[in-house]
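Trainee: Sequence and predicted structure below; questions after.
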Amino acid sequence: MSAVGIVVIGGGGHAKVVIGALQAAERLVIAVYDDDPATWGTALLGVRVVGPISAVKKESYEGVIAIGDNVTRKVISEKVKLQWTTVTHPTAYVHPSVRVGVGSVVFAGAVLQPETKIGDHVIVNTGATVDHDCTIGDFVHIAPGANLAGAVQLGEGAFLGIGSTVNPGVSIGAWTVVGAGGVVTRSLPDHVVAFGVPAKIKRQSTERTK
């Protein structure tokens, strides 16, 4: 077990999965912080929610943001100056050539194939697969069961819904959302929402950095 204490920011259901991954990797989780007063004094998988995010002590801890919303993760990462850690569940497959950025989480059963680059504060969720030579921007969320073929590029803050698929060499723009089950056969621009088989642009995305 790692002797360095890790704090988790976020007290919802996603945080349970992050804590579960840390515990499976035998890493020491010492506290959870969340801005909802209703969570204070409760516990997630045996770890207490001790107070608001503003109460995080920054001196000697590592941290991870356990919040699924991409914009929120970016805002918190800019406001809270912890030493961000990378979390990888022991059952994930990550090829040695893969680069995973700080604050990113790779969940159970996920697969990251050779020469892929994962940015900072990225979520590669349960059972998602990312094939060779992909480039994943900061603050991306790849939802459970999503599948990326080789040489895919995802811009900052992109979101791929549950069970979505991206064909080889396709690029998806910054802060673009692909709906659950969508099959992306052609590149998508920034700030749009697309879904369907094949995925088509339906509207502009409301996702924006703050």
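Mentor: The structure has been received and is ready for your questions.
Trainee: all contacts plus neighbour counts: C-alpha atoms, from now on.
Mentor: Fine.
Trainee: What's opposite the spatially most central residue of the chain in the beta bridge?
Mentor: The residue lying closest to the centre of the chain (CA atoms, centre = their mean) is I123, at 1.6 Å. Taking DSSP bridges as the rule, I123 bridges to V105, H141.
Trainee: Same question for E62.
Mentor: Taking DSSP bridges as the rule, E62 bridges to I6, Q83.
Trainee: right, and it touches W84 too?
Mentor: Yes. Judged on CA atoms under 8 Å, E62 makes contact with W84 at a distance of 5.6 Å.
Trainee: list the contacts for I9?
Mentor: Contacts for I9 were tallied using CA atoms under 8 Å, 6 or more residues apart in numbering; they are A15, V32, Y33, D34, I53, G63, V64, I65, A66, I67.
Trainee: I'd like the distance between it and H191.
Mentor: Distance of I9 to H191, given as CA to CA, to the nearest Å: 27 Å.
Trainee: With just CA atoms, put the helix or strand of the chain with the lowest mean pLDDT into CSV.
Mentor: Lowest mean confidence among the helices and strands of the chain (mean pLDDT, DSSP states H and E): strand 2-9, at a mean of 82. What follows is strand 2-9, C-alpha atoms only, in CSV (Å, rounded to 0.1, in the frame of the first residue of the first chain):
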residue,chain,number,x,y,z
SER,A,2,1.2,3.5,-0.9
ALA,A,3,2.1,5.5,2.3
VAL,A,4,1.2,8.8,0.6
GLY,A,5,-2.3,10.0,1.6
ILE,A,6,-4.7,10.6,-1.3
VAL,A,7,-7.7,13.0,-1.1
VAL,A,8,-10.7,12.5,-3.4
ILE,A,9,-12.6,15.6,-4.5
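Trainee: Domains of the protein: list them as residue ranges, please.
Mentor: 2-85, 88-204 (automatic domain parsing).
Trainee: most tightly surrounded among those?
Mentor: Greatest average neighbour count among the domains of the chain goes to domain 88-204 (a mean of 22), per mean count of other CA atoms under 10 Å.
Trainee: measure that domain end to end?
Mentor: This stretch, domain 88-204, spans 33 Å end to end (CA to CA).
Trainee: How far away from the center of its chain is that domain?
Mentor: Taking the mean of its C-alpha atoms, domain 88-204 sits 10 Å from the chain's own mean (CA atoms, centre = their mean, to the nearest Å).
Trainee: Tell me which stretches of this structure form helices.
Mentor: 13-24, 70-79 (DSSP state H).
Trainee: would JSON lines of the ones you listed with mean pLDDT be doable?
Mentor: Listed next are the helices of the chain as JSON lines, based on pLDDT from 0 to 100:
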{"stretch": "helix 13-24", "mean pLDDT": "98"}
{"stretch": "helix 70-79", "mean pLDDT": "96"}
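Trainee: Including distance to Q204, could these go into CSV?
Mentor: CSV is the format used below for these (distance: least, CA to CA, whole Å):
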stretch, distance to Q204
helix 13-24, 26
helix 70-79, 16
